[in-house]
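**Q** here's my sequence, what's the structure:
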Amino acid sequence: MQYVNGHHIDKQMLEEDYSIQWAITTPLYNIGEHAYNLTKEFKEKTPYIQWSMISGLRHRLVHDYDSTNWQMISDIVFIEIPELIRQLNKEEMI
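**A** Purely as a prediction, here's the structure:
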């Protein structure tokens with residue numbers, strides 16, 4: 001989100017600019033990979049966070065890149081990620 005905000009990236013830019021798409025998807029891969037590797041116990045303590053969807057996004061981006069729905073990715077970046085950050089901050093996990 002620091003990159004997005006710092007570069008004044010908006011949804012349209014993300015949906016249309018290939019270089020921005022690459023810059024955004026790498027952190028999404030990393031978030032998904034880390035979510036996938038969280039312990040079962042940790043995930044059970046935070047059932048309100050959709051860990052399987054987060055890790056599933058990583059798998060989909062990595063293995064099916066050519067058919068990526070950039071409108072969906074922009075919704076994730078501009079709606080879901082800020083909400084995830086709020087949830088994690090609320091739990092003081094970061």
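**Q** what's the spacing between Pro47 and Leu28?
**A** For Pro47, the distance to Leu28 under the criterion Cβ to Cβ, to the nearest Å works out to 22 Å. Every C-beta, even on glycine, is put in place using the N, C-alpha and C of the backbone.
**Q** who's more crowded, those two?
**A** In terms of neighbours (other Cβ atoms under 10 Å), Leu28 is the more surrounded of Pro47 and Leu28; the figures are 19 against 8.
**Q** that one: helix or strand, and which one exactly?
**A** In this structure, Leu28 sits in helix 18-36 according to DSSP states H and E.
**Q** for Lys90, see how far away the most centrally placed residue in the chain is.
**A** Nearest to the mean C-alpha position of the chain, by Cα atoms, centre = their mean, lies Leu28 at 4.3 Å. Using Cβ to Cβ, one obtains 22 Å as the distance from Leu28 to Lys90.
**Q** count the neighbours of the nearest residue to Trp70 once chain neighbours are set aside for me.
**A** In this structure, Trp70 finds its nearest non-sequential neighbour in Glu15, 4.3 Å apart by Cβ to Cβ, 6 or more residues apart in numbering. The tally of other residues near Glu15 (other Cβ under 10 Å) stands at 15.
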